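Peer 1: Make a model of this:
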Amino acid sequence: MDRLKSILHGSPLIIAAAYLIVGLIWIQFSDQWVLTMFDDPAKLTVAQTWKGWFFVGASSLFVFLLVLSSNRVISGVVEDLEANLQSTLSDKDVFLSEIHHRVRNNLALISALFELQSGYLEDPRLKKVLENSRMRLKCLAMIHESFSDGENSSSIDFGHYLEDLVQFIRNTLSERVPEVKIESDIPTLWVNINQAVPCGLIVNELLSNCYIHAFKPGEKGRIFVQLSESEQGKVRLIIQDNGSGFPDSVDPSLPGSLGFTIVKALVSQIKADLQVESEVGTRFSITFDKQHIKGPSSRMV
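Peer 2: The predicted structure follows:
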């Protein structure tokens, strides 16, 4: 960049100086030559005219060659800058991929430690706390895995991620409630990672809640997960079950568990609209505008 600035700043000065020197030399010697060669005033006038045209043509050619030479140098500098920029972008992609790979591995290690610790606990409530925490960590790790595998540096295929997350929750909780089945309608949908992280955690909390609390022991049930995007760029996520719904004494919009506290905080973070219906089973509907959000995605505001 410094070389390019030097060329751009120096070229006008070089051209002006060269033009001045050539002009002075031409005026000094050409006039003496014309006066020596022609005594007739008429011929002298014609010679002066041709001398002027010759100077204009020669100086134009000279300026053209200088500009052409400068353009070639500038083109070379621009090509070098583009190559350096491309190399920097490639290095950035490798760096980001390595960061996500390390974060994913660290989260997997913490999850394994939680699982190991759970084996030494006898209190079922503590086991449940560790299991819930382990599932949240896995949810985050899957986000980083999707991000490191993709080519886009700011978005992930949220549809593909959601399919994997639903499968993970199904495999994790199917032993407790084997009679519950999950159906899904999830298309390919690219979402900014700062929105994908909160959405993934929301799905984990709501889907796990449906699995564990929506049905009585031994009761067969169905959970439906749907993802869609409107023409206006609004993303809608629906999680619905055909279970018993919330008890009459509980306001479905104001549940007090940790899971729903997390859900409400994450919904507020992405400025989404959360609708809860509990007439036939329970239906959660989250709607938000798809956009690029700058800043840390983990901030709950």
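Peer 1: And Leu109, how far from Tyr120?
Peer 2: 18 Å (CB to CB, to the nearest Å). In short, each C-beta sits where N, CA and C put it, glycine included.
Peer 1: what about the two, which has more around it?
Peer 2: Ranked by neighbour count (other CB atoms under 10 Å), Leu109 and Tyr120 place Leu109 first, with 12 against 6.
Peer 1: Okay, and the more buried one sits in which element?
Peer 2: Per DSSP states H and E, Leu109 falls inside helix 41-118.
Peer 1: Report pLDDT for Asp251.
Peer 2: Looking at Asp251, its pLDDT is 57.
Peer 1: go on, Leu254?
Peer 2: Taking Leu254 on its own, its pLDDT is 54.
Peer 1: try Leu4
Peer 2: For Leu4, the model assigns a pLDDT of 48.
Peer 1: same thing with Pro198?
Peer 2: At Pro198, pLDDT is 91.
Peer 1: burial measure for the nearest residue in space to it that is not next to it in sequence, as a count.
Peer 2: In this structure, Pro198 finds its nearest non-sequential neighbour in Leu266, 4.1 Å apart by CB to CB, 6 or more residues apart in numbering. By other CB under 10 Å, the residues close to Leu266 number 20.
Peer 1: for the helix or strand hosting Leu266, packing partners?
Peer 2: If you go by DSSP H and E, Leu266 is part of helix 258-269. Contact here means 3 or more CB pairs under 8 Å, 6 or more residues apart in numbering; DSSP states H and E; on that basis helix 258-269 packs against helix 193-213, strand 273-277.
Peer 1: Pull the distance from that helix to the chain's centre.
Peer 2: Taking the mean of its C-alpha atoms, helix 258-269 sits 24 Å from the chain's own mean (CA atoms, centre = their mean, to the nearest Å).
Peer 1: repeat for stretch 221-235
Peer 2: The answer for stretch 221-235 is 22 Å, by CA atoms, centre = their mean.
Peer 1: which residues are contacting that stretch?
Peer 2: 158-159, 162, 166, 177, 179-187, 189, 191, 203, 207, 210-211, 214-215, 236-243, 287-291 (CB atoms under 8 Å, 6 or more residues apart in numbering).
Peer 1: cool, stretch 107-114 as well?
Peer 2: 130-131, 133-134, 137-138, 140-141, 144.
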